[in-house]
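Participant: Any chance you can model this:
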Amino acid sequence: MAGLLKTLLFILLFYYAFKFLARLFAPFLVKKMADTIQKKAAQQFGGQQPKNTVKEGETIIDKAPKNNEQSKNTVGEYVDFEEIE
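Facilitator: Coordinates of the predicted model:
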């Protein structure tokens, strides 16, 4: 019986110690993970920032090119079949 109480006491002690340490170190670990993810994202995108060459008060209008190309679908003609009885 004493062994069972000792085991339960050890489990409870371990549980509360883990809970306390998790609260203590969680903010540090979350900040460290966020910094790591931010560095990986910056590395993946090359750290490129769009260059802003527009001066303040200047208006720029971008026009899309006209799409005059014909369809490149060269599958063939459509043939309508009729059933013969």
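Participant: Sketch out the low-pLDDT regions of this protein for me.
Facilitator: Applying pLDDT under 70 to the chain flags the ranges 47-52, 68-74.
Participant: And the helices in it, which stretches?
Facilitator: Per DSSP state H, the chain carries helices over the ranges 2-44.
Participant: Nearest residue to the middle of it?
Facilitator: Geometric centre of the chain, nearest residue: Ala41, 9.3 Å, by CA atoms, centre = their mean.
Participant: Against Val30, how distant is that residue?
Facilitator: The gap separating Ala41 from Val30 is 16 Å, by CB to CB, to the nearest Å. Backbone N, C-alpha and C define where each C-beta goes, glycine included.
Participant: ditto for Val54
Facilitator: To Val30, Val54 is 38 Å away according to CB to CB.
Participant: what does Asp80 give?
Facilitator: Distance, Asp80 to Val30, using CB to CB: 65 Å.
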